[in-house]
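Asker: Please work out how this folds:
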Amino acid sequence: MPELAAVDGGGLTEDRVALVHGYGLRVVSRGWGDPFVWAHDAFFSIDDDDLHSLVDFRKLAAAHRVIRYDAVGHGRSAGVAHPGDHTWDSRADDLLQLCERLRLPHVTLGGFSTGAATALWAAHMAPDRVDRLVLAALPNGWTWRAPAAGIQGLLGASALTGITEPIRFLARYLPIPSPPAPSVGAYQAAHFRRIVTTPRQRYVAALVGAARSNLPAPEELANLEVPTLVLAYPGDPLRPVGTAVRVARALPNAELVIADEQSDVAGWTDLIGEFTS
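Answerer: Numbering: from 1, shown residues only. So this is what the prediction gives:
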């Protein structure tokens, strides 16, 4: 049964499990209004985003029914070992199936990094079901993808054989500075900590799945007329501005906002709120 709790100024919170492609996915929705489904980054979860996200979901819930979920093999959701469950298009298929389970024929989709790639793939696969699209800090794509995919595949293979496990174990205890959230530095530190503490099977599956992934081709995105907000910040090789720029150029109805400094991401929540209202 769903767990319901009243929330100050944010409507009602529902925390439940939805069955998607044989896996139980944790789903949390908050607020009332038009549904806005958000996908988290690889290795992260709803709980991680509550602590470290660059987006204020409580504030967005004042005008939307904000729905978040733990992807397969993440957070409190089931599923671990198969890399095919962790490719971006597979996660997009899960997202669309989840929307069906929740009886959401039309939604706004959004996500951060891998979650943004998931949302983009979902819109590409079912454009008639997506009203608006928010893509924050897109991961490496196309010409920027090959080096990252090679590294991810190598790390996954090394972890599978146990070679990198001592390094991952030691990295858990590195003194990584965590500046006050919300900030890019705090997010990156928290994300690194989550990567090195993720159980081995989940770590391998997520890395190999990511290595097998890419964004939809630019010529395919040219036919995707969904209004889209693309957000980016400089200085992150895993989420390069170049990918965001090329995606925004490929989409016929996209707005691109690049933060000048890390502090500029503090305005992302308001930008998203204005765009989706």
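Asker: what about the helices in the chain?
Answerer: Assigned by DSSP state H, the helices in the chain fall at 46-52, 57-60, 88-101, 114-125, 145-161, 165-171, 184-197, 200-211, 218-221, 241-250, 268-276.
Asker: pLDDT below threshold where in the stretch 51-200 of the chain?
Answerer: For the stretch 51-200 of the chain, residues meeting the criterion pLDDT under 70 lie at 81, 143-171, 176-182.
Asker: swap the cut-off to 90 and go again
Answerer: 78-86, 140-200 (pLDDT under 90).
Asker: thinking again about what came up before, could I get the helices of the chain as a markdown table with mean neighbour count and distance to residue 28?
Answerer: For the C-beta atoms, the positions are set from N, CA and C on the backbone; glycine is no exception. Shown next, in a markdown table, are the helices of the chain (neighbours: other CB atoms under 10 Å; distance: least, CB to CB, whole Å):
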| stretch | mean neighbour count | distance to residue 28 |
| --- | --- | --- |
| helix 46-52 | 18 | 5 |
| helix 57-60 | 20 | 9 |
| helix 88-101 | 21 | 12 |
| helix 114-125 | 27 | 14 |
| helix 145-161 | 16 | 28 |
| helix 165-171 | 12 | 29 |
| helix 184-197 | 18 | 18 |
| helix 200-211 | 22 | 20 |
| helix 218-221 | 14 | 30 |
| helix 241-250 | 19 | 27 |
| helix 268-276 | 18 | 18 |
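Asker: These into JSON lines, with extra columns for distance to residue 26?
Answerer: Listed next are the helices of the chain as JSON lines, based on distance: least, CB to CB, whole Å:
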{"stretch": "helix 46-52", "distance to residue 26": "7"}
{"stretch": "helix 57-60", "distance to residue 26": "15"}
{"stretch": "helix 88-101", "distance to residue 26": "11"}
{"stretch": "helix 114-125", "distance to residue 26": "15"}
{"stretch": "helix 145-161", "distance to residue 26": "25"}
{"stretch": "helix 165-171", "distance to residue 26": "25"}
{"stretch": "helix 184-197", "distance to residue 26": "16"}
{"stretch": "helix 200-211", "distance to residue 26": "15"}
{"stretch": "helix 218-221", "distance to residue 26": "30"}
{"stretch": "helix 241-250", "distance to residue 26": "29"}
{"stretch": "helix 268-276", "distance to residue 26": "23"}
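Asker: Select, out of those, the one closest to residue 13.
Answerer: For residue 13, the closest of those is helix 57-60, at 10.0 Å, according to CB to CB.
Asker: list the helices and strands the closest one packs on?
Answerer: Where contact means 3 or more CB pairs under 8 Å, 6 or more residues apart in numbering; DSSP states H and E, helix 57-60 is packed against strand 64-69, helix 268-276.
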